[in-house]
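Trainee: What follows is a predicted structure for the sequence shown.
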Amino acid sequence: MGKDFDAEVPQVRSFLEALAGELGYDLRRTMFEGPDAVLHHPIASSTPSLFMEAISALSLAVAQTFEAHGIRPDALAGRSMGEYTALMAAGAVDRPTGFHLLRCFADQAQKDWGLLPGRVLTVYGLKPADARRISRAVTRECGPCEIICLYQARRMAVVGGPQ
């Protein structure tokens, strides 16, 4: 994940190398050399996944590359763990704190999933009636499922519930 960016974009490599010093562990090495089990292990594992941290690190490296070329967004936003990445990119939270928060978020998400496994599905271009129909079908097949968010203006729905 991100290995091509790292190899071809000097700012990405530089950012990821510097991040190791800030965090006290080499996320870049784990991203590119593994072990893969650290990034993608079974959800029931007691070892926290570094997947969210790897995604954030790569996102921040790309954002810094854009900024080095004079491209800076007027606003930053994220969804779920992306909120922490946006806070770091905006400078509202320093990277060591942001990555600590990501680790806590991932660890708690794993524990929560172990207690109440579930699924969340984000669908674009969905009408409210279609979202309700999908929710009912998932409930019949898999157990309780409800519509968590329905963004009608953008025709986006997030459907979720216990597994």
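Mentor: Received the coordinates, thanks.
Trainee: what does the average pLDDT come to for the helix or strand that contains residue 30?
Mentor: Assigned by DSSP states H and E, residue 30 belongs to helix 27-33. Helix 27-33 carries an average pLDDT of 88.
Trainee: go on, stretch 135-142?
Mentor: If you average the pLDDT values across stretch 135-142, you get 80.
Trainee: next one: stretch 83-95
Mentor: The predicted confidence, averaged over stretch 83-95, sits at 92.
Trainee: So what touches that stretch?
Mentor: With CB atoms under 8 Å, 6 or more residues apart in numbering as the contact definition, stretch 83-95 has outside contacts at 19, 22-23, 55-56, 59-60, 63, 76-78, 98-99, 101-102, 105. Quick note: C-beta positions are derived from backbone N, CA and C, even for glycine.
Trainee: If you count neighbours, what's buried in the helix or strand hosting residue 97?
Mentor: In this assignment (DSSP H and E), residue 97 forms part of helix 95-115. Going by neighbour count (16 or more other CB atoms under 10 Å), the buried part of helix 95-115 is 95, 98-99, 101-103, 105-106, 109-110.
Trainee: do stretch 8-16 as well
Mentor: Result for stretch 8-16 [16+ other CB under 10 Å]: buried residues 9, 11-13, 15-16.
Trainee: Which residues does it contact?
Mentor: Here stretch 8-16 makes contact (CB under 8 Å, 6+ apart) with 2, 5-7, 27-28, 31, 57-58, 60-62, 64-65, 68.
Trainee: now swap in stretch 49-63 and tell me
Mentor: By CB under 8 Å, 6+ apart, the residues outside stretch 49-63 that reach it are 1-2, 5, 11-12, 15-16, 19, 27-28, 30-31, 38-41, 81-82, 84-85, 88-89, 95, 98-99, 102-103, 105-106, 110.
Trainee: For stretch 49-68, could you pull out the residues that count as buried?
Mentor: 49-63, 65.
Trainee: what does stretch 82-90 give?
Mentor: In stretch 82-90, counting by 16+ other CB under 10 Å, buried: 82, 84-89.
Trainee: And these, which is closest to residue 137?
Mentor: Nearest to residue 137 among those: residue 82, at 28.5 Å, using CB to CB.
Trainee: What does the closest one show for phi and psi?
Mentor: Note on residue 82: backbone dihedrals following degrees, to the nearest 10 are phi -60, psi -20.
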